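In: please find the sequence and the predicted model below.
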Amino acid sequence: MKPLEKFPDVTTALKEWERRKEMAMWQLSIAIDKDIIQKKQNRIKELEHQIKELQNIKV
């Protein structure tokens, strides 16, 4: 899901995606299964990319 589809306000979307990234990082820290670790690492990369896009819009 794209951030601005769910949150029309860039600031709100940015905060939510940063929160989701923190949650994914926490889940990664407790993951044991290699498949779960890979999925969480991919999710973090995806969220980082979306956060950068939102920061570019905000600026």
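Out: Arrived safely, thanks for sending. Numbers count the residues shown, from 1 in each chain.

In: and the pLDDT for E22?
Out: Turning to E22, the model gives it a pLDDT of 93.

In: who touches it in this structure?
Out: Listed by CB atoms under 8 Å, 6 or more residues apart in numbering, E22 has no contact partners. Where you see a C-beta, it was placed from the backbone N, CA and C, and this is true even at glycine.

In: try it again at 10 Å.
Out: The neighbourhood of E22, defined by CB atoms under 10 Å, 6 or more residues apart in numbering, consists of 44, 47.

In: worst-scoring helix or strand of the protein, pLDDT-wise?
Out: Least confident helix or strand of the chain, by mean pLDDT, DSSP states H and E, is helix 3-6 with a mean of 71.

In: what number of residues lie near L47?
Out: Here the number of neighbours of L47 (other CB atoms under 10 Å) works out to 20.

In: nope, I32 is what I meant
Out: Neighbours of I32 under the rule other CB under 10 Å: 6.

In: against Q55, how distant is it?
Out: 33 Å (CB to CB, to the nearest Å).

In: not including adjacent chain positions, what is the nearest residue to the residue nearest to the spatial centre of the chain?
Out: The residue lying closest to the centre of the chain (CA atoms, centre = their mean) is L47, at 2.7 Å. On the basis of CB to CB, 6 or more residues apart in numbering, the spatially nearest residue to L47 that is not a chain neighbour turns out to be K21, at 4.2 Å.
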